[in-house]
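Enquirer: coordinates for the following, if possible.
(chains A and B)
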Amino acid sequence: GQSLEQPSEVTAVEGAIVQINCTYQTSGFYGLSWYQQHDGGAPTFLSYNALDGLEETGRFSSFLSRSDSYGYLLLQELQMKDSASYFCAVRANYGQNFVFGPGTRLSVLP
Amino acid sequence: SAVISQKPSRDICQRGTSLTIQCQVDSQVTMMFWYRQQPGQSLTLIATANQGSEATYESGFVIDKFPISRPNLTFSTLTVSNMSPEDSSIYLCSVEMSSYEQYFGPGTRLTVT
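Expert: Just a heads-up that it's a prediction; the model follows:
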């Protein structure tokens, strides 16, 4: 089977940096994606890692360590609008579907 | 990118009835996906719908309960049959535009009374 773990909640203040971790146990590994979902909204794609290292997209970065079965999403210069749920999703093999993690609810305080 | 619309956006239904949810994409796509999401929970894949073939269902979901149609490359429907309060959830359709990026519809919020 496949399982993913994320912290259920994270709280930070505006302007800060926050890291949301994701650990996974899968039969294989093809890639790890991150999605943001605001309350009442649809999940939207943020970032993707297939190889070890850091991928940077504006204020958001994502890191992957395949040897540790671990990744994280880094959000810098936090803004109130970043308050949302964040999901990691892993694809074990090409052609297989993504499995989503339980999600992390981020609250950004003024 | 892809723009996805879903109908209805929300509905309240009585137990024992069925509801068909429509998903329309603004471009042709090979695979469409149907997910279920309880409020505050993760996304659970119900099935994958390919045009011209039977949908592929995930463990715990069966065709009799969640029949899916995929008549062309831009449209799909999911029916929730013989509903019970446990079917109350948000139902989302999505498409893959690359091997790593999915686009999701706005969801259908279903309440079964």
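Enquirer: next, the buried residues of stretch B:31-42.
Expert: B:31-37, B:42 (16 or more other Cβ atoms under 10 Å in any protein chain shown). Any C-beta I mention is one placed from the backbone N, CA and C, and that applies to glycine too.
Enquirer: correction: the previous question concerned stretch B:59-78.
Expert: B:61, B:65-68, B:70, B:73-74, B:76-78.
Enquirer: flag every buried residue along stretch B:96-113.
Expert: For stretch B:96-113, the neighbour count (16+ other Cβ under 10 Å) marks B:96, B:100-110, B:112 as buried.
Enquirer: quick one: end-to-end distance for that stretch.
Expert: Stretch B:96-113 has an end-to-end distance of 34 Å (Cα to Cα, to the nearest Å).
Enquirer: next one: stretch A:96-107
Expert: Start and end residues of stretch A:96-107 are separated by 32 Å (Cα to Cα).
Enquirer: list the buried residues for that stretch?
Expert: Under the neighbour-count criterion of 16+ other Cβ under 10 Å, stretch A:96-107 has A:97-106 buried.
Enquirer: for chain A, see how far away the residue nearest the centre of chain B is.
Expert: Central residue of chain B (Cα atoms, centre = their mean): B:Trp34, 3.4 Å from the mean position. Using Cβ to the nearest Cβ, to the nearest Å, B:Trp34 is found at 11 Å from chain A.
Enquirer: off-centre distance for the strand or helix carrying that residue?
Expert: Using DSSP states H and E, B:Trp34 sits in strand B:31-37. Strand B:31-37 sits 5 Å away from the centroid of its parent chain (Cα atoms, centre = their mean, to the nearest Å).
Enquirer: measure how the very next helix or strand once past that strand sits relative to strand B:31-37, angle-wise.
Expert: The first helix or strand that comes after strand B:31-37 along the chain, using DSSP H and E, is strand B:43-50. Orientation of strand B:43-50 against strand B:31-37 (axes from the mean of the first three to the mean of the last three Cα atoms, to 10 degrees) gives an angle of 160 degrees.
Enquirer: tell me the strands beside the next helix or strand after strand B:43-50, with direction?
Expert: Counting by DSSP H and E, the next helix or strand C-terminal to strand B:43-50 is strand B:56-57. Sheet pairing of strand B:56-57 (DSSP bridges) gives strand B:43-50 (antiparallel).
Enquirer: which pair in the buried residues of stretch B:96-113 spans the largest distance?
Expert: The most widely separated members of these are B:Tyr100 and B:Val112, with 34.6 Å between them, by Cβ to Cβ.
Enquirer: just the strands from the chain, written as ranges.
Expert: Going with chain A. With DSSP state E, the ranges of strands along chain A come out as A:3-5, A:9-13, A:18-25, A:31-37, A:44-49, A:53-57, A:60-65, A:70-75, A:84-91, A:98-100, A:104-109.
Enquirer: let me rephrase: I mean chain B.
Expert: With strands called from DSSP E, chain B shows them at B:4-7, B:10-13, B:19-25, B:31-37, B:43-50, B:56-57, B:68-72, B:75-80, B:89-96, B:102-104, B:108-112.
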